[in-house]
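# Here is the input, now give the coordinates:
(chains A and B)
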Amino acid sequence: MIGAAGAVREALRVAALGVLLAVGFAAAAAPSAAEAPASAADARQQVLVLLNLPPRHFRPDGNYAGSYADAAGRAARRRVAAQLAREHGLTIASDWPMPLLGLDCFVLNVPANQAPAQVAKSLSQDARVSWAQTMNLYRAQAHDDPLFALQPAAQPWRLAELHQVATGRRVRVAVIDSGIERDHPDLARQIESAQNFVAGRAPRGELHGTAVAGIVAAQADNGIGIAGVAPQARLIALRACWQDAADATLCSSLSLALALQSAIEHQAQIINLSLAGPPDRLLGTLLDLAVGRGIVVVAAVDRGAADGGFPAAHRGVVAVADEDAGPAAGAAVLAPGRDVPTTVPAARWAVVSGASYAAAHVSGLYALLHEAREGQRAAPSQTATAGASPVDVPLHELVRLADGRIDACGSLAVAVGSCRCACVAANPASATMPVNASASASTMAPTTGPATATPPVPAILRP
Amino acid sequence: MAGLGALSTALLLIGGEAQAQLGVSAAIDSDYRFRGVSLSDGQPDARLSVAYDHASGAYAGAALTRAELSPDRHSTQVLGYAGVVTRTRFGPGWEAGLSVSHFSGDARYDYGEVFTGLVDERWSLRLYYSPDYFGRRQPTAYAELDAHLALTPQLRLFGHAGALTVLHSRAGDDAARSDPPRSRRTRVDLRAGIGFSGAAFDMQLAWVGVGRGGPYLAEYATRRAGWVLGAAVSF
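Okay, here's the model as predicted:
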C-alpha cells in the first residue's frame, strides 16, 4: 500500500500542479485582444470563414468528452485560418466553434482597401474552407414614428380568457434580441437563463429586447405593469443585438448565429427573432436545424423587402407583420403590433409599435399552444372534435386565421379540442396558418448598408 | 513548437487533403490513469500525440507515452488508432475503430482492441473488445459512458463511468485455471472533473476512482482513488 510519505509527496505534486493550473486559468481568462466589432462599420468590414469541425470521436488520451485532443484539433484549425488570413491580407478577430453544424467559425478583419464580398467569394473557392460569407447586419423591426405611442391601444387578444386555458407553463421561449432588463419587476422571475453574445459591450437592459420579452412573458397577477401573452413561459434571454447610436438596434451574422446555436442547445421550444436583414447562409443553416428539430421560429416581417425579408421569408419560419399596417408580403400572418404596452428598461413600462412586437405576440401564443397541446397529449379532452388529434399535427397547423389576422382564441380552442373562450373556431372563414414553404434566400439581394431606423420613442406609463 | 506546427502543415500538404486537419499535442499528467488504473506507478507522466481528421469522418492518430507496468521497469507505450465516425444533425453519430498498443522493452503487454459506439455532442457510449487484454491471454469487454457540460466556452465539467469485464480465458490455456471468480471479473472505474480550454492549451483536474475486480495490469499496488491534474499544449 501507499505509505504516508508517498501520500504527502502525492499531495505536494497535485498542489504544485494546482498552482500551474490556477496560473493557466488566470492567463486564459484574460480578455482576448480579438473582440467583436466596435461599430456597425467595423462589422461590415469583416468576413466569416467556416472550417470543417470534425465530430467528437475516440481519443486515446482519456476518452471522456472534451479531452486534450480536442484542443489539438482547435489548434489545427487556427493554423489553417492563420494561413488563409496571411494569404488574403486579413487578420483573425475571433474564433467560434459551432459543433451543432460541424463548423468552426472564424471572424476575419478585411482591410479598408478590399471589398468584403470579393474576399468572401475568393475564400469560398479555397478547398480548405467549407464556405465564407460577409458579416451581415440586421435591425430590429420597430416603427420609428413617435406619434404611434399616442394612438389607441391595439385590439386585445382576450388574454384573460386565454389564460384560463393556458399560460405557457414551463415552455421555453428564446428571445434573441438586444439586452433584456433582468431585474425589471415584471420580468425578474420569468428569465430562466441569459447569455450575452455581443462581445465588447457590457450586458445591460436595452429597449427593444426588454419590450419584446415583456410582450411574450411579463409576469401576470403581480399587481404591476402588464401580463405577457404567456406569463408562465420561461424566457431564455440571448443578447445578440445592441442598441447602437441614435438608439437603432443592430445585430450581426455572428452574434445571431451564436445565439441561435445556444437556443437550440438549450432546447428552446420557440425562438423569437424580431429583426430583419439580408439572407445569410450561416443563419439559414442554423434555422434549418432548429426547424428540423421541431422548434417554432417566429420572425418579424420587413415591409420594405418584397418578400418580407430574412429570416421571416426563410423556409419553415413563421413570418409575422403588424396587423394595423395592412396585408403583408408572402405567407406573413397579422398580429397586434401597434400601441402595445410593455416593459422597458429602468423598471418602467411604455407603449411601443412595430412588427417586432407583433412577432412577440405570436411567440407568446405559440407558448400557449405548446402547453395546451402537451396537456392534451397527457390527458386528451373528452370533448375533442372529430378529425386529426391536435397532438399529432405540427404546432403551426393549430393556428387559426380570420382575414389574415391570428384568431388567438380559436387557435387555442383547436389545440385543446374544445371551445373554452369566446372563439370563432367553428367559423368557416377561419383558415389554418401558412408557414414559408420555400427558401427565398437565393432570390434576394443583400443590403448591408447602414441601418438608419430608430426605435420607437416610448411614452412612459406610470407603474 | 514552431517545428511541430510546420511538420503537421507539411504532412497535410503532402497528403493533399483540403479540409483534413492534423493536430499535435504534448501533455503531462500527475498520474497516467488508464481506465482507472495507474500505468505510471502513481508518478507524473508525459505524452506526445498526433491526431488526423479527414473531412469524411475517418480519423487516425498515435500517442507516445511513458509507462511503468512493473516496478522500476520503464517502457514506452506506442498506441496507434484509426476509425470512422458519422455525423448527423438530429441525433448521435455512429463510430467504429481499432487501437493497437506496443510497449517497447516489455512486449508481453502488447494488445489490440476494437470498438464501436454512439457519439453525441455532449456524450458518448462505447463498447470495446480485446482478445488479449494487455497480453494476459484474457478476452475482455469494456463499456464506457462519457459526458460533459460546457459551463462557459472555456470551462467544462466532465464525467466518465466504465466497466471492464473478463469474458473467459481461452480453453486449455493455463490462464483459464487462474480466471478470477465470476463475482470478481468486473471492475468499475469512475472519473469526474473540470477542464479548461484556451486557444492552444487544455487543463484538467479530475477525481478518479476504481474498483477491486477485474484484471489489474501493473505489478504494484495502485491507489484506488485520487486526484489527477493534467495540462496539454497543442500545435
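
# which stretches of chain B have low pLDDT?
Counting by pLDDT under 70, chain B shows low-confidence ranges at B:1-19, B:169-183, B:215-222.

# swap in chain A?
Segments of chain A classed as low confidence (criterion: pLDDT under 70) are A:1-41, A:62-70, A:141-157, A:245-247, A:378-393, A:417-463.

# again, only this time at 50
A:1-2, A:23, A:26-36, A:63, A:65, A:143-154, A:383-386, A:424-429, A:438-463 (pLDDT under 50).

# how about the helices of it, start to end?
A:4-29, A:40-44, A:68-88, A:116-124, A:159-165, A:207-217, A:253-265, A:281-292, A:355-378, A:408-416 (DSSP state H).

# and those as TSV, adding distance to B:Ser99 and mean neighbour count?
(C-beta placed from N, C-alpha, C; glycine too.) Below are these laid out as TSV (distance: least, Cβ to Cβ, whole Å; neighbours: other Cβ atoms under 10 Å in any protein chain shown):
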stretch	distance to B:Ser99	mean neighbour count
helix A:4-29	27	13
helix A:40-44	46	18
helix A:68-88	13	21
helix A:116-124	37	18
helix A:159-165	58	18
helix A:207-217	50	31
helix A:253-265	31	24
helix A:281-292	33	20
helix A:355-378	45	26
helix A:408-416	53	26
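
# Compile those helices into a markdown table and extend it with columns for distance to chain B.
Supplementary listing: the helices of chain A in a markdown table, determined by distance: least, Cβ to the nearest Cβ, whole Å:
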| stretch | distance to chain B |
| --- | --- |
| helix A:4-29 | 4 |
| helix A:40-44 | 20 |
| helix A:68-88 | 3 |
| helix A:116-124 | 13 |
| helix A:159-165 | 32 |
| helix A:207-217 | 22 |
| helix A:253-265 | 8 |
| helix A:281-292 | 6 |
| helix A:355-378 | 20 |
| helix A:408-416 | 25 |
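
# To B:Gly36, which of those helices lies closest?
With Cβ to Cβ, the closest approach to B:Gly36 among the helices of chain A belongs to helix A:4-29: 16.3 Å.

# Can you report how many residues lie near the residue of the stretch 101-250 of chain A found nearest chain B?
Closest to chain B within the stretch 101-250 of chain A is A:Ala127: 3.3 Å, counting by Cβ to the nearest Cβ. By other Cβ atoms under 10 Å in any protein chain shown, the residues close to A:Ala127 number 9.

# Could you count how many residues lie near residue 168?
Using chain A. 31.

# try chain B instead
13.

# ok, the nearest residue to B:Phe115 once chain neighbours are set aside - contacts?
Leaving out its chain neighbours, the residue that sits closest to B:Phe115 by Cβ to Cβ, 6 or more residues apart in numbering or on different chains is B:Tyr128, at 4.4 Å. B:Tyr128 is in contact with B:Glu113, B:Val114, B:Phe115, B:Thr140, B:Ala141, B:Tyr142, B:Ala143, B:Glu144, counting by Cβ atoms under 8 Å, 6 or more residues apart in numbering or on different chains.

# List the residues that contact the residue nearest to the spatial centre of chain A.
In chain A, the C-alpha nearest the mean C-alpha coordinate belongs to A:Ile176, at 3.0 Å (Cα atoms, centre = their mean). By Cβ under 8 Å, 6+ apart, the contact set of A:Ile176 is A:Leu238, A:Ala240, A:Cys241, A:Leu256, A:Ala259, A:Leu260, A:Ala263, A:Ile271, A:Asn272, A:Leu273, A:Leu275.

# Can you redo these as a markdown table, where the extra columns are distance to B:Gln204?
Below are these laid out as a markdown table (distance: Cβ to Cβ, whole Å):
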| residue | distance to B:Gln204 |
| --- | --- |
| A:Leu238 | 29 |
| A:Ala240 | 31 |
| A:Cys241 | 36 |
| A:Leu256 | 32 |
| A:Ala259 | 29 |
| A:Leu260 | 30 |
| A:Ala263 | 29 |
| A:Ile271 | 34 |
| A:Asn272 | 38 |
| A:Leu273 | 37 |
| A:Leu275 | 39 |
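
# measure the most centrally placed residue in chain B to chain A for me?
Centroid-nearest residue in chain B: B:Phe34, 6.4 Å away (criterion: Cα atoms, centre = their mean). Computed as Cβ to the nearest Cβ, to the nearest Å, the B:Phe34 to chain A distance reads 9 Å.
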